[in-house]
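Peer 1: when you get a sec, could you give me coordinates for this:
(chains A and B)
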Amino acid sequence: MLSILGYNAGPLLAQSILGLINGAFYALLSLGLAVIFGLLNIINFAHGALYMLGAVVSWVLLNHLGLGYWPSLLLAPLIVGAFGIVLERLFISKLYKLDHLYGLLLTFGIALIVEGLARNEFGSSGMSYAVPEALRGATRLGFMIMPTYRLWVVVASFVTCIATWFVLEKTSLGATLRAATENAALVQAFGVNVPRLITLTYGAGVALAALAGVMAAPVYSVNPGMGSNVIIVVFAVVVIGGMGSILGSILTGFGLGLIEGFTKFVYPQGSGVVVFVLMVIVLLLRPAGLFGKAA
Amino acid sequence: MPDPMLQVAGLNAWYGESHILHGVDFEVNEGEVVTLLGRNGAGKTTTMKSVMGLVAKRTGSVKFKGQETVGLRSDLIARAGIALCPEERGIFASLNVTENLMLPPVVAPGGLTVAEIYELFPNLKERAGSQGTKLSGGEQQMLAIGRILRTGAKFLMLDEPTEGLAPVIVQQIGRTIREIKKRGFTVLLVEQNFRFAATVADRHYVMDHGVVIDMIPNAELEASMDKLHDYLGV
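Peer 2: Below is the predicted model:
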């Protein structure tokens, strides 16, 4: 049997590919964070809570309204995105003239409130969400057998990331967003309604988090704490990739998922900390992140 | 005599706590090229930013085509038909030349087509795919002027378009200003270089310490040289 560094290649590869599933969620979440940070200059600490809300909303849609996974994939991001727009208009928009720190504190507070309310309503134990019928079973990939739903998560997340990247880099809307990230006052002086653009961008970033939440519901259990579990790792991903870099957050998200999976096979005890060890190394060697531009 | 296209009266403006404009008065008629002359810090750039709605606080009156614009958001002022080419040019590093050119939304019909802009500035066409800030200073200035010609705004404010540029580029920008005047655009120009201003403008306002202190028609510029040297301290 083929071997890499003395390990069997098959299981090593399989474990790494499974790491891609975590990576898919890291990428989707850090992408939304990067988009929001780029334009709003807000470190959106509520991102994890909004991801959780995406999962909870799809659970509610299923169990109270009988709407399954596929409608949820569209509806939950819309509902949570609309909630994000309300948050931005009512609270976050008041902080743009202040230091980053205030936005961080505010969104951290929002995260605690949203999680607290969810815990009050649904309890702390996880609620299960069945894998949709069409995606049950396993798919043979040649070198490994992968649960079909997990394969779907990796592919759907990757496609969403690429589509987001395309909109930002290749369309006129994306050009306007990039320009507003550089100099919002001038873009507004050209006749663009920048405040509305900012609101919609926050809504879109939040919708991405909620989409990740819907996709996560069948993989992890739906519970109010799921956001705070993942968000710390996602912040590490953003720091490693470089604040505000779109392509950087996508590549870093998937890449770190792979590295985590690889570590789980080679040195399982280290899999929980490998991302943070990398973060420390990157911060020491390249403080602006792998893909970030030095300020 | 029809009403002026832009009528500024008693304009005051502040950056934070500092009071920069102390009651600026001037007018620009449709089809004119008018300059604001004055020393550094006289308030010329702040006047343009105030007209555009880019200062934190302003009072007084800025009427554009009879409509009061003090208190309007800058995007609504732009939509009314005023476009600014800022002093620092404002070319976006994360956008290529074409994206920079297409960035300002069209606010009215009658702007130049992209082909016409390339005809005025052939260099831009060759560099369409380059990153905006990789262009030379002169090319960036052409891009900054070109992109506001597309929008259909007929009132253009150019803040020191010749600053730091080679004589041959300055001449090209002079030709451009005369060309767009011929096409019916109205131009408010901030200039340090009054010799350049004399080749394009109809009238000159002189500013000092945040107020307009004199108005000199271009025809009287030669005769007013002593006065002007005194104002500008050159």
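
Peer 1: only C-alpha atoms for contact and neighbour calcs from this point on.
Peer 2: Fine.

Peer 1: whichever residue of chain A sits closest to chain B: neighbour count?
Peer 2: With Cα to the nearest Cα, the shortest gap between chain A and chain B falls at A:G191, namely 3.8 Å. For A:G191, the count of nearby residues is 24 (other Cα atoms under 10 Å in any protein chain shown).

Peer 1: and for A:F122?
Peer 2: Residues lying near A:F122 (other Cα under 10 Å) number 15.

Peer 1: what does chain A put close to chain B?
Peer 2: Taking Cα under 8 Å from any Cα of the partner chain, the part of chain A that reaches chain B is made up of A:172, A:175-176, A:178-179, A:182-183, A:185-193.

Peer 1: tell me which element B:A83 is part of?
Peer 2: Assigned by DSSP states H and E, B:A83 belongs to strand B:82-85.

Peer 1: B:K181 is in contact with B:G31, isn't it?
Peer 2: Yes: in this structure B:K181 lies within contact range of B:G31 using Cα atoms under 8 Å: 6.3 Å.

Peer 1: give the buried residues for the strand holding B:A83.
Peer 2: B:82-85 (16 or more other Cα atoms under 10 Å in any protein chain shown).

Peer 1: contacts for it, please.
Peer 2: The contact list for strand B:82-85 (Cα atoms under 8 Å, 6 or more residues apart in numbering or on different chains) reads A:189-190, B:48, B:52, B:144-145, B:148, B:153-159, B:161.

Peer 1: next one: stretch B:15-33
Peer 2: The contact list for stretch B:15-33 (Cα under 8 Å, 6+ apart) reads B:3-14, B:34, B:43, B:46-47, B:55-57, B:60, B:181, B:184-189, B:200-203, B:205, B:209-212.

Peer 1: and it, end to end?
Peer 2: Using Cα to Cα, to the nearest Å, one end of stretch B:15-33 lies 28 Å from the other.

Peer 1: can you pull the contacts of B:T162?
Peer 2: B:169-170, B:173, B:191.

Peer 1: near chain A, which residues of chain B?
Peer 2: Proximity of chain B to chain A is confined to B:52-54, B:74-79, B:83-84, B:90, B:92, B:94-95, B:99, B:102-105, B:107 under the rule Cα under 8 Å from any Cα.

Peer 1: so which of the residues you listed sit within helices?
Peer 2: In helices, judged by DSSP state H, the following of the residues of chain B next to chain A are found: B:52, B:74-79, B:99, B:102.

Peer 1: contacting residues around the closest residue to B:A219 other than its chain neighbours?
Peer 2: Once flanking residues are discounted, B:A219 sits nearest to B:D202: 7.9 Å by Cα to Cα, 6 or more residues apart in numbering or on different chains. Residues in contact with B:D202, defined by Cα under 8 Å, 6+ apart, are B:32-34, B:217-219.

Peer 1: hmm, try it at 6 Å
Peer 2: Residues near B:D202 by Cα atoms under 6 Å, 6 or more residues apart in numbering or on different chains: B:33-34, B:218.

Peer 1: immediately after the helix or strand encompassing A:V206, which helix or strand?
Peer 2: Using DSSP H and E, A:V206 sits within helix A:194-216. Later in the chain than helix A:194-216, the nearest helix or strand by DSSP H and E is helix A:226-241.

Peer 1: how about the following helix or strand past that following helix as CSV, C-alpha atoms only?
Peer 2: Note on helix A:226-241: by DSSP H and E, the next helix or strand toward the C-terminus is helix A:246-266. This file holds the C-alpha atoms of helix A:246-266, laid out as CSV (Å, rounded to 0.1, in the frame of the first residue of the first chain):
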residue,chain,number,x,y,z
ILE,A,246,-11.8,37.5,0.2
LEU,A,247,-9.8,34.9,-1.6
GLY,A,248,-7.5,34.6,1.5
SER,A,249,-10.4,33.7,3.8
ILE,A,250,-11.8,31.1,1.3
LEU,A,251,-8.4,29.4,0.8
THR,A,252,-7.5,29.6,4.5
GLY,A,253,-10.9,28.2,5.5
PHE,A,254,-10.6,25.1,3.4
GLY,A,255,-6.8,24.8,4.0
LEU,A,256,-7.1,24.8,7.7
GLY,A,257,-9.9,22.3,7.6
LEU,A,258,-7.6,20.0,5.7
ILE,A,259,-4.7,20.6,8.1
GLU,A,260,-7.1,19.9,11.1
GLY,A,261,-8.2,16.6,9.4
PHE,A,262,-4.6,15.6,8.7
THR,A,263,-3.6,16.4,12.3
LYS,A,264,-6.5,14.3,13.6
PHE,A,265,-5.0,11.3,11.9
VAL,A,266,-1.3,11.9,12.6
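
Peer 1: residue boundaries of the helices in chain B?
Peer 2: Under DSSP H, chain B gives helices at B:44-52, B:74-80, B:97-102, B:114-120, B:122-126, B:137-149, B:167-182, B:194-200, B:225-232.

Peer 1: quick check: the farthest pair among the residues of chain A next to chain B?
Peer 2: Put simply, by Cα to Cα the two of those set farthest apart are A:S172 and A:A185, 18.1 Å from each other.

Peer 1: ok and the residue in chain B nearest chain A?
Peer 2: In chain B, the residue that lies nearest chain A is B:D75 (3.8 Å; Cα to the nearest Cα).

Peer 1: so that residue versus A:V114, what's the distance?
Peer 2: Plainly put, B:D75 is 35 Å away from A:V114 if you go by Cα to Cα.

Peer 1: tell me where the model's unsure across chain A.
Peer 2: For chain A, the stretches flagged by pLDDT under 70 are A:1-7, A:244, A:293-295.

Peer 1: so where's the longest helix in it?
Peer 2: helix A:9-40.

Peer 1: mind giving me the packing neighbours of the helix or strand following that one?
Peer 2: Counting by DSSP H and E, the next helix or strand C-terminal to helix A:9-40 is helix A:47-65. With contacts defined as 3 or more Cα pairs under 6 Å, 6 or more residues apart in numbering or on different chains; DSSP states H and E, helix A:47-65 has these neighbours: helix A:69-90, helix A:194-216, helix A:226-241.

Peer 1: which one of those helices lies nearest to A:S125?
Peer 2: A:S125 sits nearest to helix A:226-241 of all the helices and strands packed on helix A:47-65, at 10.5 Å, using Cα to Cα.

Peer 1: I would like the residues contacting that closest one, please.
Peer 2: A:26, A:30, A:48-49, A:52, A:248-249, A:252, A:279, A:289-291.

Peer 1: hmm, try it at 7 Å
Peer 2: The contact list for helix A:226-241 (Cα atoms under 7 Å, 6 or more residues apart in numbering or on different chains) reads A:26, A:29-30, A:48-49, A:51-52, A:248-249, A:252-253, A:275-276, A:279, A:282, A:289-292.

Peer 1: give me the buried positions along that helix.
Peer 2: Those would be A:226-228, A:230-231, A:233-241, for helix A:226-241 by 16+ other Cα under 10 Å.

Peer 1: ditto for stretch A:216-228
Peer 2: By neighbour count on 16+ other Cα under 10 Å, the buried set for stretch A:216-228 is A:216-219, A:221-228.

Peer 1: CA atoms of it as PDB?
Peer 2: Provided in PDB are the C-alpha atoms of stretch A:216-228 (Å, rounded to 0.1, in the frame of the first residue of the first chain):
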ATOM      1  CA  ALA A 216     -24.500  22.500   9.500                       C
ATOM      2  CA  ALA A 217     -27.900  21.500  11.000                       C
ATOM      3  CA  PRO A 218     -27.800  17.900   9.700                       C
ATOM      4  CA  VAL A 219     -24.000  17.500  10.400                       C
ATOM      5  CA  TYR A 220     -23.700  18.800  13.900                       C
ATOM      6  CA  SER A 221     -26.700  18.900  16.300                       C
ATOM      7  CA  VAL A 222     -28.700  22.200  16.300                       C
ATOM      8  CA  ASN A 223     -28.000  23.800  19.600                       C
ATOM      9  CA  PRO A 224     -27.700  27.400  20.900                       C
ATOM     10  CA  GLY A 225     -24.000  27.000  21.700                       C
ATOM     11  CA  MET A 226     -22.900  25.800  18.200                       C
ATOM     12  CA  GLY A 227     -22.000  29.300  17.100                       C
ATOM     13  CA  SER A 228     -19.700  30.100  20.000                       C
END
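
Peer 1: no further queries at this time; thank you.
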